Each structure stands twice: as C-alpha cells, then as structure tokens.
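# Mind looking at a prediction? Sequence and model below.
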Amino acid sequence: MDLRKDFFIFIFISTLGLISGELSATNKKLEWFVGRWRSEFGGKIVWPTVPTMTYGEELIVLEAPMAKSTNVQFLNFSARAWSHTTKDHFHDEWGFITVDPNGNATLMTAGNNGFTTYEVGEVQPNKMVLVLKDIGRISFSRDLPVDDLRRTFIRHDDNYMEQLLEMRTATHPKQGYLEHTRIIYTKQKEL
C-alpha cells in the first residue's frame with residue numbers, strides 16, 4: 001500500500017466533491033471538452049532530438065466551484081502520460097482552464113517536468129486552439145528551452161477527441177512549429 005498515493009487520490013477526489021454541477025455561461029463553450037478522456041496507446045511523440053515513440057494519456061477536465069473573490073469559474077485540468085511500451089511514467093500536468101466573455105480560453109498548467117505554462121486561444125464548437133503566452137521552468141531542467149507552443153483540441157464526435165501539440169525549442173525549428181505529440185482519446189463513461 002502506497003500511503004502517499006492513496007492520500008493524493010483522496011485529496012484529488014475530495015476536491016472533485018466540491019464541484020458546483022453547472023458550468024458558468026462562458027464555460028458552457030467548453031461543455032464538449034469536459035469529462036474523462038483516455039488513450040492507452042493512441043499517442044505518438046515525434047521530435048528531432050528524441051526517438052519516436054507511442055504513449056498513453058488520461059486527460060480529465062471537470063467543473064470546479066466558482067471563485068467568489070473573482071466571480072470566475074475555472075475548470076480543473078489534469079493530464080497524466082505514460083510510455084506505451086514500458087509503462088514508465090512520462091509526466092503530469094495540473095492546472096485550470098476558463099473562458100472569458102469574448103470566447104477566449106485561458107489554460108494555466110504546472111507539470112512535474114519542471115514547466116509551468118500560460119496559454120490563451122479561441123474556443124470554437126468542438127475545437128480549441130491555444131498558444132503559449134508565457135512559460136516558466138526550473139533552473140536545472142534538462143530539456144531544451146521551449147520558445148513557443150501551440151495546443152489544439154478537436155472533438156471528432158461524442159466518443160473521440162484529438163490533441164495536437166506543436167512547439168519550437170531553442171534549436172528546432174528556427175521559425176514556426178514542429179509537431180511534437182498527437183493523441184486520440186476515447187471519452188470514458190465514468191469519472
């Protein structure tokens with residue numbers, strides 16, 4: 001029994017218990033995005049400096065209570081990725097996402113890979129494209145500095161959603177983006 005893991009799961013589930021049950025008017029634009037999405041091996045990592053590999057990931061987006069101090073409802077956002085072949089843990093992202101009255105989404109994440117991101121973009125029916133506005137990283141990270149990032153979510157139907165992550169680092173490419181990851185999730189029935 002791993003008490004730290006059990007405690008973490010307890011805290012996470014307890015937090016989920018605070019769910020208000022209803023999306024704010026602006027966050028209703030993300031209704032298609034809310035839920036538990038999972039892919040056992042449907043992800044692919046591609047980058048010039050790393051071997052191409054497949055991965056699995058679980059993405060959970062859930063309603064959160066309204067922040068009374070700001071009168072803004074953020075949705076809880078979490079992603080956990082693992083190697084398909086070795087089942088080794090890749091990384092976690094935890095954060096929050098919300099939509100403003102103009103239909104612009106903001107996603108803020110912190111990851112156990114030493115990065116924090118602030119991304120903004122437009123929400124359309126069944127599609128959201130976010131671009132990096134700011135990034136923070138721990139000083140001893142071994143990864144190449146990420147200079148730019150674009151994250152696209154596309155819901156194909158009630159059961160399938162795709163995420164495409166494109167980026168630019170200090171060395172690749174000189175301009176524009178290169179595809180880094182692509183994954184197709186299946187919506188899970190239970191949370």
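Nice, I can see it.

# how about the strands in this protein?
With DSSP state E, the ranges of strands along the chain come out as 35-47, 50-62, 66-67, 72-73, 75-83, 89-99, 104-111, 115-124, 127-137, 146-155, 160-169, 178-187.

# Specify the stretch among the ones you listed that is closest to Thr26.
Thr26 lies closest, by CB to CB, to one member of these: strand 89-99, at 4.4 Å. Glycine gets a C-beta too; all of them are placed from N, C-alpha and C.

# Okay, angle between the closest one and strand 115-124 too, please.
Between strand 89-99 and strand 115-124, the angle comes out at 50 degrees (axes from the mean of the first three to the mean of the last three CA atoms, to 10 degrees).

# which strands and helices sit next to strand 89-99?
When contacts are defined as 3 or more CB pairs under 8 Å, 6 or more residues apart in numbering; DSSP states H and E, strand 89-99 sits against strand 75-83, strand 104-111.

# Show me what that strand is in contact with.
With contacts defined as CB atoms under 8 Å, 6 or more residues apart in numbering, strand 89-99 is touched by 26-27, 29-30, 55, 61, 64, 72-83, 105-113, 117, 123.

# Low-confidence regions, the protein specifically.
Applying pLDDT under 70 to the chain flags the ranges 1-21, 142-144, 191.

# can you rerun that using 90?
Flagging of the chain using pLDDT under 90 yields the residue ranges 1-22, 24, 41-42, 45-53, 63-72, 83-91, 113-115, 137-147, 169-176, 189-191.
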